[in-house]
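Engineer: What follows is a predicted protein model with its sequence.
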Amino acid sequence: MTEHNNVQTLNQFIIERQSDHPGAKGELSRLLHHVGVAAKIVNRAVNKAGLVDILGDHGDQNVQGEDQQKLDVFADTHFIDALRASGECAAVASEENEDIIIFEDEMCKNGKYVFCMDPLDGSSNIDVNVSIGTIFSIFERVTPRGQVANMEDFLQEGTKQVAAGYVIYGSSTMLVYTTGNGVNGFTLDPSIGEFCLSHPNIKTPKSGTIYSINEGNYINFPQGVKKYIKYCQEKDARSKRPFTSRYIGSLVADFHRNLLKGGIFIYPQTNKNPDGKLRLTYECNPVAFIAEQAGGMATNGDMRILEIKPDSIHQRVPFYTGSTKMVQKTEEFLHFFNNI
Ligand SMILES: O=P(O)(O)OC[C@H]1O[C@](O)(COP(=O)(O)O)[C@@H](O)[C@@H]1O
Ligand SMILES: [Mg+2]
Ligand SMILES: [Mg+2]
């Protein structure tokens with residue numbers, strides 16, 4: 001196995017790319033650096049999860065009515081601590097907290113950014129050693145620096161994101177992010193404890209042969225989605241169908257696979273969840289920013305996810321994302337069957 005000596009670490013890359021943003025003073029760089037620090041702390045716990053008391057229920061429920069896992073709370077706590085320590089973040093919205101967490105100390109009150117996060121994505125897979133992740137989205141605040149941040153700072157369209165990304169705790173641990181100039185992936189090298197550039201300038205294929213959806217909810221799906229699944233399963237050599245069904249049940253892992261190989265991830269509205277299951281501000285917006293920056297697409301079946309103006313930090317939306325031609329085909333089916 002050859003090790004690459006001229007690897008670029010995340011910190012080197014962040015500083016080098018600072019020049020992409022005229023007038024940058026390093027605030028976003030410091031914030032991204034602290035995201036990397038928190039990801040390493042969570043990664044260390046995930047890697048030895050069975051050996052430390054971090055598996056299983058935490059005993060409380062979050063605002064979504066879901067049983068919080070110990071690792072949900074561990075990740076939430078450590079990301080919040082790292083964001084506060086950065087001094088660049090004025091407040092945080094998290095899946096694990098009903099309200100926004102406002103940092104009151106002077107340094108953070110003067111912070112330029114706010115942070116939305118799903119500290120631990122794929123919670124149903126934590127105890128069974130299947131890939132899980134962290135998802136994040138960063139906005140420049142709209143309230144004046146020096147004042148305490150408020151909800152207004154978080155209810156911005158996804159098009160206003162200054163950075164977004166995810167960490168995948170899988171067979172290797174990767175951090176994938178964008179600041180609006182393409183998508184880059186970094187793999188954690190445990191021997192040096194650094195994220196190193198391994199996937200520069202990720203581009204997703206315009207079309208693919210993988211579809212990812214929880215077919216266990218099939219009877220509750222809109223007609224258009226049911227028809228699209230049938231379309232994926234029909235034989236047609238010209239369009240390489242039947243496609244392959246792959247579903248891990250962790251958004252980060254399902255999206256990451258399809259991003260690299262080409263494919264579509266769908267979590268539609270269902271009779272049970274008329275607005276879908278996934279949350280706009282800390283799951284769909286950041287993933288959508290990555291998808292678009294990699295040449296893919298992300299919609300609610302009708303409009304760009306990034307153009308939806310959130311009305312609450314825990315708002316749910318139907319989610320269709322991945323290779324452009326596959327998302328467009330799904331929208332055709334949804335419109336044809338008037339599901340939109
Ligand atoms: O079990 P289901 O209904 O298919 O839902 C799986 C989806 O729910 C999620 O687990 C929700 O995220 P959290 O684990 O962060 O709550 C996604 O990662 C995943 O895509
Ligand atoms: Mg999630
Ligand atoms: Mg979560």
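Structural biologist: Thanks, I have it. All values derive from a computational prediction rather than experimental measurement. Ligands and ions are numbered 1, 2, ... in the order given.

Engineer: Go ahead and confirm residue 41 touches residue 80.
Structural biologist: No - with contact defined as C-beta atoms under 8 Å, residue 41 does not reach residue 80; the gap is 11.7 Å. Quick note: C-beta positions are derived from backbone N, CA and C, even for glycine.

Engineer: Could you list the domains of the chain?
Structural biologist: Following the TED database, the chain resolves into domains at 10-201, 210-338.

Engineer: Quick check: residue 120 vs residue 234, distance?
Structural biologist: Look at residue 120 and residue 234: by C-beta to C-beta, to the nearest Å, they are 37 Å apart.

Engineer: With residue 267 instead?
Structural biologist: For residue 267, the distance to residue 234 equals 23 Å [C-beta to C-beta].

Engineer: Pick out whichever of those two has more residues nearby.
Structural biologist: residue 267 (23 against 10; other C-beta atoms under 10 Å).

Engineer: list the contacts for the more buried one?
Structural biologist: Contact partners of residue 267, counting by C-beta atoms under 8 Å, 6 or more residues apart in numbering, are 213, 214, 251, 276, 277, 278, 318, 319.

Engineer: Distance check, the nearest residue in space to it that is not next to it in sequence against residue 50.
Structural biologist: Spatial nearest neighbour of residue 267, chain neighbours left out: residue 319 (4.7 Å); criterion: C-beta to C-beta, 6 or more residues apart in numbering. In this structure, residue 319 and residue 50 are 32 Å apart, going by C-beta to C-beta.

Engineer: still on that earlier bit, of residue 41 and residue 80, who's got more company?
Structural biologist: Under the criterion of other C-beta under 10 Å, the comparison of residue 41 against residue 80 puts residue 80 first, with 21 against 16.

Engineer: right, and the more buried one touches residue 89 too?
Structural biologist: No - contact criterion C-beta under 8 Å: residue 80 and residue 89 do not qualify, at 9.3 Å.

Engineer: Same list, the domains of the chain, but as a markdown table with mean pLDDT please.
Structural biologist: Formatted as a markdown table, the domains of the chain follow (pLDDT from 0 to 100):
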| stretch | mean pLDDT |
| --- | --- |
| domain 10-201 | 95 |
| domain 210-338 | 96 |
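
Engineer: To ligand 2, which of those domains lies closest?
Structural biologist: domain 10-201 (3.5 Å; C-beta to the ion).

Engineer: is any part of that closest one close to ligand 2?
Structural biologist: Yes - Domain 10-201 lies within reach of ligand 2 by C-beta under 5 Å from the ion, at 118, 121.
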